[in-house]
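Participant: Task: produce atomic coordinates for the following.
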Amino acid sequence: MNRVFRLASALSVLLVLLSASATICHTQDTAQLSQVKKLYVDSLGSDRHAAAIREQMVQRLRKSHEVQVVSDPRQADAVIKGTCRIWTTGHVTLSPRSNSLRQSTFEGFLSVELVSKSSETLWSYLVSPSKFPWNGIADDLARQLVSKLLAALKGHDQPASAGAGATPHLEATLRGAGATFPAPLYQRWFELFQESHPDLHISYDAVGSTEGIERLREQKADFAGSEMPLSDQAMLETHQRVVHLPAVLGAVVAIYNVRGVRQNLNFTPETLSGIFLGKIRKWNDPEIGRSNRGATFPAEDIVVVHRSDGSGTSFVWTDYLSKVSPQWKAAVGAGASVPWPVGMAAERNEGVASTVQHTPNSIGYVEFLYAIQHELSFGAVRNSAGEFIKASISSVTAAATAESQDPDFRVSITNASGKDAYPISTYTWLLLPEEIADKTRRDALKVLLRWVLTSGQRECSALGYAPVPAEVAKRALESFDTK
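Facilitator: Below is the predicted model:
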């Protein structure tokens, strides 16, 4: 339990840090990021690995010769701020002949943002440990982060600019409801946006995708958040056309709590579908052992945990299982609420995470952010290219990049092609009516959503979400501007 409090505290500190240092500026653009030549690397928090990670970052930035690392933040064009939290999950034996040759396995994150002199967020990112950090966890995280930062400074795949010009005065109240999946990011987005629009009041109730869509239908919400795009038939039933705007990318992960198992697990599509169908009932089932050589599993029943509420996270999970298992597709199918063959129910991501954490020999599914918030072990999943891939910003981005895009953005990226793609990835959408009678609310929504698809995308990665690919965001903006 203390580990949960420590990590929740670390993420809370990060949110405070980001909110304090990020003031919205609608003239922010990629040219400003490319002009950063002098950097100061601030403290990365109180984790025992923080100082070593910071030192490795400084060394790697200096060796790159692409930026100058300064010792005084007042001399810098931008400051790297952030936090890290790392914990040991177990050990792997490096030699079958000697148990003394072991390497620690880690879980956790390094989350940073790049802040300009005028307190603008220019860029953010979150990295998690590699499968085998041979040179140590500090070097591993610093290497990943610096590589992404240097690419960003060169302008690779940056979000579109919000555009210069006068910022309109907005005075309205907007009500949103829906997915819990992106709720931490939405909270941050709306707080930031309201800093420069104090007369615009935005609320968002994280009540689940199904309830959010229902409120949109009943005109009790101006927009809804969902990982479950509406079908043409569903839109006919609402008697209105609903615009789907891709807001951010995320992942659903398989979390587990297996007594005596201290190594990171691999899951095949057959294993996950078999467990959730109730066909694989024991942790020592040979099907699980085949993809986890060296692990000793208990001869205990598997406790399956699933969502009790109508959930976009459940839709993503069951959409994936429907693609990889014909039996699942025929017997259960994909949906926000399905007739689960086995298992116990818990409400929302938080409920599933907490239940798995406190239930020995359990397995469930949650959004990636909730897994690291609760310091829960989550497995790598074998993708369509045969590679075992863990969820990360880069592997989620790879899934989105690999798949073609539907003209109205209602596209599933589960089980995407590509060897680096995490197979249970998803877009999350903001849904709003195509026709909005109230001009004040319509104009306020347009300004807000333009900011979300431009400047707001720079806020995603520090919280564990992947930005919408730049080309997709550009097409979404062009589509929205014609509405």
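
Participant: I'd like to know how many residues surround L449.
Facilitator: By other C-beta atoms under 10 Å, 20 other residues sit near L449. Quick note: C-beta positions are derived from backbone N, CA and C, even for glycine.

Participant: would it count as being in a helix?
Facilitator: Yes: judged by DSSP: H, G, I helix; E, B strand; the rest coil, L449 forms part of a helix.

Participant: Averaging pLDDT per element, find the lowest-scoring helix or strand in this structure.
Facilitator: The helix or strand of the chain with the lowest confidence, counting by mean pLDDT, DSSP states H and E, is helix 2-21 at a mean of 39.

Participant: How about L432: what's its closest non-neighbour residue?
Facilitator: Excluding the flanking residues, the one nearest L432 by C-beta to C-beta, 6 or more residues apart in numbering is F223, at 4.4 Å.

Participant: Surely the one you found touches G176?
Facilitator: Yes: applying C-beta atoms under 8 Å as the test, F223 and G176 come out as touching, 4.8 Å apart.

Participant: any low-confidence regions in the stretch 351-483 of the chain?
Facilitator: Residue ranges of the stretch 351-483 of the chain with pLDDT under 70: 403-407, 480-483.

Participant: Strands of that one, start to end?
Facilitator: For the stretch 351-483 of the chain, the strands defined by DSSP state E, counting those that start in this stretch cover 362-367, 377-378, 380-382, 388-389, 425-433.

Participant: Buried deepest among those strands, which one?
Facilitator: Highest mean neighbour count among the strands of the stretch 351-483 of the chain (mean count of other C-beta atoms under 10 Å): strand 362-367, with a mean of 28.

Participant: And that strand, how far out from the chain middle?
Facilitator: 15 Å (C-alpha atoms, centre = their mean, to the nearest Å).

Participant: what pairs with that strand, and is each one parallel or antiparallel?
Facilitator: Strand pairing for strand 362-367, using DSSP bridges, gives strand 242-257 (antiparallel), strand 303-307 (parallel).

Participant: Next SSE downstream of the longest one?
Facilitator: Same thing as strand 242-257. As assigned by DSSP states H and E, the chain's next helix or strand after strand 242-257 is strand 266-267.

Participant: State the mean pLDDT of that next one.
Facilitator: Across strand 266-267, the average pLDDT comes to 97.

Participant: Run through who's touching it.
Facilitator: With C-beta atoms under 8 Å, 6 or more residues apart in numbering as the contact definition, strand 266-267 has outside contacts at 254, 291-292, 379-382, 388.

Participant: cool, stretch 39-47 as well?
Facilitator: The contact list for stretch 39-47 (C-beta under 8 Å, 6+ apart) reads 10, 13, 50-51, 53-54, 57-58, 61, 67-73, 75-86, 110, 112, 114.

Participant: State the distance spanning the first to the last residue of it.
Facilitator: Length of stretch 39-47, first residue to last, C-alpha to C-alpha, to the nearest Å: 22 Å.

Participant: Ok, stretch 464-471 next?
Facilitator: Distance between the two ends of stretch 464-471: 21 Å, counting by C-alpha to C-alpha.

Participant: Adding distance to S119, write the strands of the stretch 351-483 of the chain out as JSON lines.
Facilitator: Shown next, in JSON lines, are the strands of the stretch 351-483 of the chain (distance: least, C-beta to C-beta, whole Å):
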{"stretch": "strand 362-367", "distance to S119": "29"}
{"stretch": "strand 377-378", "distance to S119": "34"}
{"stretch": "strand 380-382", "distance to S119": "38"}
{"stretch": "strand 388-389", "distance to S119": "36"}
{"stretch": "strand 425-433", "distance to S119": "26"}
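
Participant: And the ones you listed: which comes nearest S273?
Facilitator: strand 380-382 (11.5 Å; C-beta to C-beta).

Participant: just flag whichever of the strands paired with strand 362-367 has the lowest average confidence.
Facilitator: Note on the strands paired with strand 362-367: strand 242-257 shows the lowest mean pLDDT, a mean of 94.

Participant: Pull out the buried positions in it.
Facilitator: Within strand 242-257, the residues scored as buried using 16 or more other C-beta atoms under 10 Å are 242-257.

Participant: Widest-spaced pair of the residues you listed?
Facilitator: Between any two of those, the greatest separation by C-beta to C-beta is 40.4 Å, found for V243 and N257.

Participant: Which positions in stretch 352-365 come out as buried?
Facilitator: Neighbour count says stretch 352-365 has 352-357, 361-365 buried, by 16+ other C-beta under 10 Å.

Participant: ugh, wrong one, stretch 327-347
Facilitator: By 16+ other C-beta under 10 Å, the buried positions in stretch 327-347 come out as 328-329, 332, 334-336, 338, 340, 343, 346.
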